[in-house]
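Novice: Sequence unavailable; structure follows:
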Ligand code: GLN
Ligand code: ZN
């Protein structure tokens, strides 16, 4: 018999109950007992849903009070010294201190979980001594068994991945240090497995996502060592090694590791896992947990296609060795479509969130076991046909326009050196100075927006408020003596959602929340249809700002690639084609801004880097597509119109050629947190266009001194020509307070003046 399995379930609850429990605890609105009762009820409800749905292998201990990497670290006593030393299980407040920081100790760093928008807390292994403070896996296993009679499958982050995701002295653990730390950590895993065995655990899901991103085949030995030790210590516990987000290279070596089963992603594998399986088969007696339903997107599966995939897999794997599941933990999708009352039924019919994906898995499993699923197959086909054949997805105008633009040459009219001459009309001084776009979204900005959304504030009154705020900030920028001004983005809660609400082909859900970090959830827009620009989006606000000043105001848009990376994108078209459609919609907006007299236009690319495929061999194609979409947006303008772009990361060395290929006249990039690293990139590669390496860090409330900013500028000017250099902060100032922003910008301008004076 084929079995159904789940690799992980979202924590947050249908209505984000989990988020509110955490935040109420932090705000002392509930006490620990209420928190523990509330989270337990939620956890059990989540398990119960999976039980009722008929999932054979239900994950336990995938629950977290904040983040599963932090849980793992805390269980092993991995606590940065600034939070104290611990010899017994951390209290909830100690645990949250690490994640959120205290008055005296900065929070632990967080970073993206592989190429997702989930952020984990980076374990700091400096001076640690591993000790098992909490076998939480056992606790949650026992809870599910006692409360619901579920014989769960504990999910535990494997030791090699855990270490590779950790840092020592600010560097990720690699090489010999990895070997050494693994030797210290492994006995604790052995202990956990022994305890799980005693409790009667049959299967453990050992998540080793780094097995799919190996730098070197030799590393497989580390995983082997782990599996041998665990098997020897607890032979009765079967281990399923779970990978996701990419295919495994060295398939043969990996599936022959000493484990009872392997979880492979058959959705984000570029077809490679399937090919490897078909070529090499699968070892007799081992389980294959086949991730066949997309665990990172929200569209309903075409069940007939999935059945074909299962049939192909079954040629290599016997049915009693096969589990069906989603490609990865369902942590990355919202909970249920059930509560979406406002969605167009055609769109809603094409959606599957976590609960619906679980139902798909169970159905496919039944089908694989010979149960009649004709009705379900027909349902899935009808719903998808309705969506695919709807006018949403068959906008002839858009399809034709994209064909036309792709057939034309999407290049600026002239080369960069010629454009620079034409842009002389902008009359910019040396070391032109600007900001990245947003200014503080003060409590007032937020409360006015809330009132407007609730209907308590009229459109006119809200617009009047926004205008007043823009006007005030134009004056502030003039007084500061900034050269290129911005309107401040007060009308935008989110730089992607804002455009999503205004372009055809996008929609938003009511409850489609996904955990981003800690209690923070995001509700990505849905790109469900052909994307079309119907009317100007930003022109009114930008022109309003321009009218308030004699200085130049920069228009502000979000690029197609960023929109795609921060949305749930239709999966009936390749992503690059969707990007072309969005790129084209934005091209109309760029043109409309130019026609309205705006001379400088910035197209933000903050998410370009994070969308980079995990495997180096797919990166060039991704970057080429990104460049193409960006150019569709930006090349329709006159030579004298200056195109800017912005990226918020400092590790861009490897993508510098792509950055240059965007052919933006000016790019601003984060730099000040990189301790000079980002400047090194320009020692090797000469950059031929204009660039603003952020001269101060906006992520901290600290006000940088004039000297420090001056140093940053001078350091950059050693490798970048003064006529190519712009002065700007690292990123937008939306999250900063006004009282931090103005003095910081004042110092930035002073530093610039000091440098200018010495030229
Ligand atoms: N223009 C945006 C802002 O300033 C850019 C944000 C970003 O880079 N993430 O807020
Ligand atoms: Zn940024």
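Specialist: Received it, and whenever you're ready, just let me know what you need. Everything quoted here is computed from the prediction, not taken from an experiment. Ligands and ions are numbered 1, 2, ... in the order given.

Novice: Please count neighbours and contacts with C-alpha atoms only from this point.
Specialist: Fine.

Novice: Show me the strands in the stretch 501-650 of the chain, by range?
Specialist: Assignment of strands within the stretch 501-650 of the chain using DSSP state E, counting those that start in this stretch yields the ranges 504-507, 514-517, 520-522, 526-532, 552-558, 568-569, 600-604, 642-647.

Novice: helix, strand or coil for residue 96?
Specialist: helix (DSSP: H, G, I helix; E, B strand; the rest coil).

Novice: Kindly apply the preceding question to residue 667 instead.
Specialist: Quick answer, by three-state DSSP: residue 667 is strand.

Novice: Secondary structure element for the residue most central in space within the chain, which one?
Specialist: Note on the chain: the residue nearest the mean C-alpha position is residue 117, at 1.8 Å, using Cα atoms, centre = their mean. Assigned by DSSP states H and E, residue 117 belongs to no helix or strand.

Novice: wouldn't residue 451 be in contact with residue 457 here?
Specialist: Yes: at 5.4 Å, residue 451 and residue 457 qualify as touching, with contact defined as Cα atoms under 8 Å.

Novice: doesn't residue 481 make contact with residue 749?
Specialist: Yes: using Cα under 8 Å as the test, residue 749 is close enough to residue 481 to be in contact (7.1 Å).

Novice: The two: which is more packed in?
Specialist: Using other Cα atoms under 10 Å as the criterion, residue 749 and residue 481 rank with residue 749 on top: 23 against 17.

Novice: Compute the distance between that one and ligand 1, please.
Specialist: 18 Å (Cα to the nearest ligand atom, to the nearest Å).

Novice: Now that residue: which helix or strand?
Specialist: Short version: residue 749 belongs to helix 738-757, going by DSSP H and E.

Novice: I'd like the average pLDDT over that helix.
Specialist: Mean pLDDT, computed over helix 738-757, is 98.

Novice: tell me which parts of this protein are close to ligand 2?
Specialist: Residues of the chain found near ligand 2 (Cα under 5 Å from the ion) are 648, 731.

Novice: Relative to ligand 1, which residue of the chain is the closest?
Specialist: Nearest to ligand 1, among the residues of the chain, is residue 732, at 3.1 Å (Cα to the nearest ligand atom).

Novice: wait, isn't that residue in contact with residue 437?
Specialist: Yes: if you go by Cα under 8 Å, residue 732 and residue 437 touch, sitting 5.5 Å apart.

Novice: circling back: right, so of the strands of the stretch 501-650 of the chain, which gets closest to residue 101?
Specialist: The closest of these to residue 101 is strand 514-517. By Cα to Cα, the value is 14.2 Å.

Novice: so what secondary structure elements neighbour the closest one?
Specialist: strand 119-121, strand 520-522 (3 or more Cα pairs under 8 Å, 6 or more residues apart in numbering; DSSP states H and E).

Novice: where exactly do the helices run in the stretch 651-759 of the chain?
Specialist: Assigned by DSSP state H, counting those that start in this stretch, the stretch 651-759 of the chain shows helices spanning 656-661, 677-684, 706-717, 738-757.

Novice: Now render those as JSON lines, adding distance to residue 314.
Specialist: JSON lines is the format used below for those (distance: least, Cα to Cα, whole Å):
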{"stretch": "helix 656-661", "distance to residue 314": "42"}
{"stretch": "helix 677-684", "distance to residue 314": "49"}
{"stretch": "helix 706-717", "distance to residue 314": "58"}
{"stretch": "helix 738-757", "distance to residue 314": "60"}
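
Novice: Go through the helices and strands packed on strand 514-517 and pick out the most buried.
Specialist: The highest mean neighbour count among the helices and strands packed on strand 514-517, using mean count of other Cα atoms under 10 Å, belongs to strand 119-121: a mean of 23.

Novice: who touches that one?
Specialist: For strand 119-121, the surrounding residues in contact (Cα atoms under 8 Å, 6 or more residues apart in numbering) are 67-70, 99, 108-113, 516-517.
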